[in-house]
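**Q** Structural data only, the sequence is not supplied:
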Ligand code: SF4
Ligand code: SF4
């Protein structure tokens, strides 16, 4: 048993739903109780889909247990087929149905439906959403893909995008354009947009582009073995990774790399004078392994941040991210417990978080700006405008997204100069974010999207009131406290912490204005 | 003189209308969802779901649309090892509770909430609650109830929670009024204040914001429900000797007046007092409803089953806002509770209980109502088909009861319709 408040990933059948919902002509019959239908809203509300996910739930009840849950499954399966006429069906169980052991796969097989029925075994009590998506797509490919003749032109498949994926919609478009510049056209995009018929002709491509290892790697491995389709290992997020990707593709195809960087703005933006203030900003990176790897590289090499912490929540990527962290001189944090992530961030006091929706909320609580780089995502991570992460336009989008929550360079200086101005002061927050009069002590670093309700600091299961008060033995003298208030909010937390650490290390228990400035000089870079 | 509004004799009333029952996929939340508002209401309570990753994800997804504060709820996720041997699961649960209570000393009530997985493996949470109550008495009281999807639908979770508290309420012989149902504080205060002005009291509320209040129950207790989904709580209170005051639910001016009237009659409040206390807020409510209802008059409405508020709301929309109800679906219809609302409705609408969502969608599409009230999973798909929708869950999270909210309630329904009129997005011909 493990106590969980917020989770980074849903159960594995939600991963299967992401695959089915991304596809066309596929239907998922899920043996599950009624409450599990909540998952529909992930797609209709968060992703704003205009169709119900193609999922039929059996919604068995307590009174059905032991008598006719199996019949219920068969009826649901038959009704779903009659009504939706899918080209193929996947069947499976949610966590509760797994316990009653009805064997949906076996039952569906006995029904002799005139379309392929693919059974899924997703262990709900061991694995999670990404695994569910990866395994489901793999099973679909294994069941439907056949060796077919290669296309005459050089083509590839784009593998991995699903419904509810972070910017998958736009990454597909960006990559399709980039590949077409290289003279490669796209054979099939899957699971997103593909029909079961498209899956059957995956083998016509010359190679696979593995966009998201989290959801497409098992299928790519199988296709490499069974259909002789090599796949790309570089995920083209960021300038360097996109260039590497282009070389990788050209190596696979034997074509000469033609790189059109005319639309790429990130390098110049990073070199322009205003970006001086980005240099050395201490960033903490957390998310799924793929996006963390990409974000760390962009942060360090393409924007000049200092990466002070990194980790991922999907254990499947643990080894990879541990090795990566070593390159950055760090120890990776591999956990799906957001309280641990919060503790790590609190201890490191970064100036910027590159994370998921979870870290965005942690950032709000701690007053640290955050940009979202990875799932889990929320409604504002499905913007109306075109905003890919991949390719050169993706790099441009990332530059803007990351800089947005930060206080702009010149503004930072103005805040120092006019810190007592009644209109232009730090409590008003970054001016480009509009109307938040936030409490000076707990500023809210707002990223695009709606405001979250503010709440008192104490209202936290973590607030063990005691644990955190170690520093409380250090006393701030009034004058020092007043001086601290004059420091702009976005560095105040760090200043407070540094000063307390500085004082504690020297056995100083009262902080005066002098201590404050000594600490400042000590930590100055 | 205020009359309980009734339809004349045999010309109307829907209490005896036959109910359409279909069995198929139900597109509804399970009772765990109630935790999202209950944990805000009961400030010293923690809700520990014993369930799976799905349960945790449901809470997060249902709550994620509304809040992301640090909650007083969590899920003890069952793992492979727990499923193997039951004795272990009880030990594991003790260990998680010990940890939790050591960390959260502000917790005075702990609810162990059963889920589908815990029920299927027959994990005995009642036994666990008794054992833990002994261990933590008197500082923490541990109760259990089921919020599982195989036993409960959406708002039934609140019902199960409140019902679990009734047996442990202290006994009293005092004649007291108990209001039953979790309401936003501002709404609750309005209701209590109206009653107190009429000289009714003491007024107690279940659930109380904290454990150590004077809430008690006995044979001189009379109670009024503020929510229509509290069937089990109703039964549990009757078992403790309390008596129910049947009434229409306090939605809209008329519903609020009828609800207050029923209580006032029970306490022998003179008409003049009733009039003087209610006249001003009634007039305000009527004005506010009239304004918001302009967009609703003559429009048709179709309810998918969701919160069990459907029947009282249909009564409000048809009588006070001039709408026509085509179908009123509810997960369950408890005539002892919604009977007075049914009595007030004109015949015409289909009443359906339970659901086969695909068949119901067919009916809805054929009827093309001006407004469809449905869950979050259906709303955008129906909008995309050109049907205006109101998501039902908002009705449970927003203050909508009593006079001062009557206009807001009508507004919740009129906004989607006004939006359709306001948007000019069609491409030029
Ligand atoms: S329906 Fe059952 S398994 Fe699903 S979330 Fe609700 S309690 Fe958990
Ligand atoms: S407040 Fe906004 S960002 Fe936060 S959980 Fe709610 S909708 Fe999401």
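**A** Cool, the structure landed. Remember, it's a predicted structure, so these values are computed and weren't measured experimentally. Ligands and ions are numbered 1, 2, ... in the order given.

**Q** how near is residue B:351 to ligand 2?
**A** Applying CB to the nearest ligand atom, to the nearest Å, the value for residue B:351 to ligand 2 is 35 Å. For glycine as for every other residue, the C-beta is placed from the backbone atoms N, C-alpha and C.

**Q** Which elements pack onto the lowest-mean-pLDDT helix or strand in chain B?
**A** Counting by mean pLDDT, DSSP states H and E, chain B has its least confident helix or strand at helix B:80-84, which shows a mean of 82. Where contact means 3 or more CB pairs under 8 Å, 6 or more residues apart in numbering or on different chains; DSSP states H and E, helix B:80-84 is packed against helix B:86-103.

**Q** pLDDT weak spots in the chain?
**A** No chain was given, so I picked chain A. A:407-472, A:488-490, A:525 (pLDDT under 70).

**Q** you looked at the wrong chain, it should be chain B
**A** B:1-12, B:64-70, B:86-87, B:428-429.

**Q** Next, the buried residues of the least confident helix or strand of chain B.
**A** For helix B:80-84, burial by neighbour count (16 or more other CB atoms under 10 Å in any protein chain shown) applies to B:82-83.

**Q** ok, now how distant is the closest residue to ligand 1 within chain A from chain B?
**A** As assessed by CB to the nearest ligand atom, ligand 1 sits closest to residue A:35 within chain A, at 2.4 Å. Distance, residue A:35 to chain B, using CB to the nearest CB, to the nearest Å: 2 Å.

**Q** Confirm for me that that residue is in contact with residue B:117.
**A** No: using CB atoms under 8 Å, residue A:35 makes no contact with residue B:117, being 11.4 Å away.

**Q** More neighbours: the two, which one.
**A** Between residue A:35 and residue B:117, residue A:35 has the larger neighbour count (other CB atoms under 10 Å in any protein chain shown), namely 32 against 28.

**Q** gap between the more buried one and residue B:61?
**A** To residue B:61, residue A:35 is 11 Å away according to CB to CB, to the nearest Å.

**Q** ok, now residue A:270?
**A** 37 Å.

**Q** for stretch B:378-393, which positions count as buried?
**A** B:378-383, B:387-393.

**Q** Check whether that stretch comes near ligand 2.
**A** No: judged by CB under 6 Å from any ligand atom, stretch B:378-393 stays clear of ligand 2, getting no closer than 13.5 Å.

**Q** gap between stretch A:225-240 and the chain center?
**A** 20 Å (CA atoms, centre = their mean, to the nearest Å).

**Q** Figure out the length between the terminal residues of it.
**A** With CA to CA, to the nearest Å as the measure, stretch A:225-240 spans 29 Å from end to end.

**Q** got a list of what residue B:233 touches?
**A** B:159, B:162-163, B:166, B:180, B:206, B:225 (CB atoms under 8 Å, 6 or more residues apart in numbering or on different chains).

**Q** can you rerun that using 10 Å?
**A** Taking CB atoms under 10 Å, 6 or more residues apart in numbering or on different chains as the criterion, residue B:233 is in contact with B:158-166, B:180-181, B:206-207, B:223, B:225, B:227.

**Q** can you list residues touching both of residue A:35 and residue B:117?
**A** Here residue A:35 and residue B:117 share the contacting residues A:94, A:96, B:54-55, B:148, B:150, scored by CB under 10 Å, 6+ apart.

**Q** Just the ones of those in helices?
**A** Assigned to helices by DSSP state H, the following of the shared contacts of residue A:35 and residue B:117 qualify: A:96, B:54-55.

**Q** wait, which of the residues you listed is closest to residue A:225?
**A** Proximity of those to residue A:225 was ranked by CB to CB; the top entry is residue B:54 with 33.2 Å.

**Q** So that closest one versus residue B:226, what's the distance?
**A** Distance, residue B:54 to residue B:226, using CB to CB: 31 Å.

**Q** quick one: which of those two has more around it?
**A** The residue with more neighbours, out of residue B:54 and residue B:226, is residue B:54; 31 against 21, by other CB under 10 Å.

**Q** can you tell me which residues contact that one?
**A** So residue B:54 contacts A:10-14, A:32-33, A:35-36, A:38-39, A:94-96, A:124, B:30, B:32, B:75, B:77, B:115-117, B:149 (CB under 10 Å, 6+ apart).

**Q** my read: residue B:52 touches residue B:80, true?
**A** No: counting by CB atoms under 10 Å, residue B:52 does not reach residue B:80; the two are 11.4 Å apart.

**Q** so what sits against both of those two?
**A** With CB under 10 Å, 6+ apart, residue B:52 and residue B:80 have common neighbours A:124-125.

**Q** picking up where we left off before, among the contacts of residue B:233, name the ones in helices.
**A** Per DSSP H, the contacts of residue B:233 map to helices at B:158-165.
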